[in-house]
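*Asks:* can you look at this prediction? I've put the sequence above it.
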Amino acid sequence: MNCPSCGTANDPDARFCKECGAGLAVSCAACGAALPPGGKFCSACGTPVASVTRAAPGPTVPEPASASASAERRVVSVLFADLVGFTTLAETRDAEETRELLTAYFETARRLVERYGGTVEKFIGDAVMAVWGTPIAHEDDAERAVRSGLELVEAIAALGTESGIELAARAGVLTGEAAVNLDAMGQGMVAGDMVNTAARLQSVAPAGSVLVGDRTRLASAGAIAYEPAGEQLLKGKAAPVAAWRALRVVARVGGAGRSETLEPPFVGRQGELRMLKDLFHGVGEERRPRLVSVIGQAGIGKSRLAWELQKYLDGVKEVAYWHQGRCPAYGEGVSFWALSEMVRQRAKIAEGDDPETATERLHAMLADFVPDEAERRWLEPAVRELLGLETDDRGQAASAETLFAAWRTLFERIAARGTVILLIEDLHWADPGLLDFIEHLLEYSRNHPIYILSLARPELFERRPDWGAGWRNLTSMGLDPLPDAAMRELLEGLVPGLPAAAMGRILDRAEGVPLYAVETVRMLLADGRLEPADGAFRPTGDLTDLAVPETLHALVASRLDGLPPALRTLVQEASVLGKTFSLQALADVTGRETGELAGPLRELVRRELLTLDADPRSPERGHYGFVQSVIREVAYGMLARRERRRLHLAAARHFESLGDDELSGVLAGHYLDAWRARPEGPEGAGVATQARLALRAAADRAG
């Protein structure tokens, strides 16, 4: 095959010219099928050969520049990406299906590249070439290119899932000096050896991965986590090229917000994150407000999902104004605390600023976003009241309607410059006034891009049972526990080399709640029972007994303390019976009728503290169980020793009444736990005798 650029003869199966590196193979623009030399129409779909495009990227040989063209040497970042095994895939699919798949792929690639401020220079067969750093350079161009590559390979995998096929992309990113034609439109904009090297780097990347060069890694390491990929022998390169594999985004642009503590990989929530991203862009395009309500129990991953979204929005080209506030669980006069935090952040008012400094910064913020002076004079008293600053108005206090209108107007003026994001954490603790303001904002800001993201536990619906009912601009997202495969991936990424036995115990305790697993690992590291060794971790102590970490204990305890006293007592009493229990067993332990317990148990199920086994095939149908064993452990630990012994003895009497010899081990366990709870005194001696008899009976049964 003769090179169309320089005329050099090449081997028939060559993809790049051995002399100049230009792409050789040509493919159909409609279906991607390879085209033999001399053909006038594609043999797969009949498209005229005039529509062909080169199937493999290579350095562009620029056309002679026109008199008006402006050529420069620039430092740019080039991204190459292609589909893995696309030729084989195209052979087994109908031509129209292949064309539709390619169209979706190209549209996805263009959208993501442009979101990160890049320019798609060309589509070549199933390959994409994009560039950052021209015509306008940014200090974070390398980081943007890598972020785009990571987003692209993930999006293509999701596209394959939606299409019912296994689809994967790979990408390579290289940063370096190139010749740039600033006035070029289309092909020929960027040329140089680094362009060809980037294409070669992409070709050796594993499916679903992004490889980068050393210069790219150094420029983006503050926000991107990498692992070494070794030195790669690239076709046409005399010396090996050092490569790094991009793993994930770990901070905002430039490394802002990067945690120095243990941060696990983001797993199991890619679909939810993709939905949050798409809804954000939809708000900007439609210029309409939307509330996304993320509901889940403590530790399930709500905050991590929001953090991933924040990192993403910080990297895209679209202008976004991020505001974040938390609803406190305590204190007086904190009805609009989350809203106040957001305005303070926007005005750059620190917590310790004196009133004069706070007023000065508030004036500067209002002057920046509210150009109309009369409107500023109307807005300021309401905003000052929100921030707890004294106002000059000594008259009657403003009504809630007036305050809401002023606060809403402020966010609308900010939204005139870009999409406004309001992240409200712990909405389940929100005062009714804040919930009312959110409803007001959604109802009246109909033509403004305001994206409200609320994070809440299921208790929110106790405060406002009809929350979101009938709203067209509400998206509700419930987070369930992660599956075992995702939890294993999390632990393997968090603690490489964690022994299988320890991993199994942590998984059993975490039961799909990421925070539980992370806090347990942190505890083991802090206690010195895990230590780094040869790039992994090894146990240095006994991992059989895994206590509840202090941070996790406090989290669960605060949740239990938030229950009405009667419900909290019932949870504690149930904890004596173990992870699962029957209604009759709980009735015997508590001394109450089963009918009395039905309502409170339903309430605990609704609050996601207990579950009810309703599977007709299950041998435990009708049994209740704790959602996580750690909840049972914390509740059990809150019982006084005297109360613990009383409840264990009541449980023992229940199992004795069943007359089932197979339960002798359970019976013995309750007598033994009753003795351990309070072994001293005459009553303790009596319990010890019962425990010995029960243990002997259990041993005889086992033998």
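*Replies:* Looks like it came in fine.
*Asks:* and the lowest mean pLDDT element among the helices and strands of this structure?
*Replies:* strand 53-54 (a mean of 42; mean pLDDT, DSSP states H and E).
*Asks:* which other helices and strands contact the following helix or strand past it?
*Replies:* Downstream of strand 53-54, the first helix or strand assigned by DSSP states H and E is strand 71-83. Identification of packing neighbours for strand 71-83 by 3 or more Cβ pairs under 8 Å, 6 or more residues apart in numbering; DSSP states H and E yields helix 95-115, strand 127-132, helix 141-163, strand 169-181, helix 193-203. For every residue, glycine as well, the C-beta is placed using N, CA and C.
*Asks:* of all those, which one comes closest to residue 493?
*Replies:* Evaluated with Cβ to Cβ, the helices and strands packed on strand 71-83 place helix 141-163 nearest to residue 493, the distance being 15.0 Å.
*Asks:* now that closest one: buried residues?
*Replies:* 141-157, 159-160 (16 or more other Cβ atoms under 10 Å).
*Asks:* average model confidence for it?
*Replies:* For helix 141-163, the mean pLDDT works out to 91.
*Asks:* figure out how far that helix is from the centre of its chain.
*Replies:* 15 Å (Cα atoms, centre = their mean, to the nearest Å).
*Asks:* relative to strand 169-181, how tilted is it?
*Replies:* 140 degrees (axes from the mean of the first three to the mean of the last three Cα atoms, to 10 degrees).
*Asks:* what angle do helix 141-163 and helix 193-203 make?
*Replies:* 30 degrees.
*Asks:* you'd agree residue 622 is up against residue 583?
*Replies:* Yes: Residue 622 lies in contact with residue 583 (Cβ atoms under 8 Å); the separation is 6.9 Å.
*Asks:* out of these two, which sits in the busier spot?
*Replies:* residue 583 (16 against 12; other Cβ atoms under 10 Å).
*Asks:* ok, now how distant is that one from residue 670?
*Replies:* 18 Å (Cβ to Cβ, to the nearest Å).
*Asks:* next one: residue 547
*Replies:* 22 Å.
*Asks:* the two - which one has more neighbours?
*Replies:* residue 670 (26 against 12).
*Asks:* what's the first helix or strand after the host helix or strand of the more buried one?
*Replies:* Per DSSP H and E: residue 670 is located in helix 664-677. Following helix 664-677 in sequence order, the next helix or strand is helix 681-702 (DSSP H and E).
*Asks:* centre of the chain versus that next one, how much separation?
*Replies:* The chain centre lies 51 Å from the centre of helix 681-702; the measure is Cα atoms, centre = their mean.
*Asks:* and what of stretch 275-294?
*Replies:* That offset, for stretch 275-294, works out to 16 Å (Cα atoms, centre = their mean).
*Asks:* and the contacts of it?
*Replies:* Contact partners of stretch 275-294, identified using Cβ atoms under 8 Å, 6 or more residues apart in numbering, comprise 115, 272, 302, 305-306, 309, 312-313, 318, 320, 418-419, 421, 427, 438, 441-442, 445-456, 467-468, 471, 473-477, 479.
*Asks:* emit the PyMOL select command for whichever of those are buried.
*Replies:* Here is the PyMOL selection string for the buried members of the contacts of stretch 275-294, based on 16+ other Cβ under 10 Å:
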select buried, resi 115+272+302+305+306+309+312+313+318+320+419+421+427+438+441+442+445+448+449+450+451+452+453+454+455+456+467+468+473+474+475+477+479
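*Asks:* and the helices and strands packed on strand 71-83 as a markdown table, adding distance to residue 560?
*Replies:* A markdown table is the format used below for those (distance: least, Cβ to Cβ, whole Å):
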| stretch | distance to residue 560 |
| --- | --- |
| helix 95-115 | 44 |
| strand 127-132 | 51 |
| helix 141-163 | 38 |
| strand 169-181 | 47 |
| helix 193-203 | 53 |
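*Asks:* right, and those - which one's nearest residue 221?
*Replies:* Closest of the helices and strands packed on strand 71-83 to residue 221 is helix 141-163, at 9.1 Å (criterion: Cβ to Cβ).
*Asks:* many thanks, have a good one.
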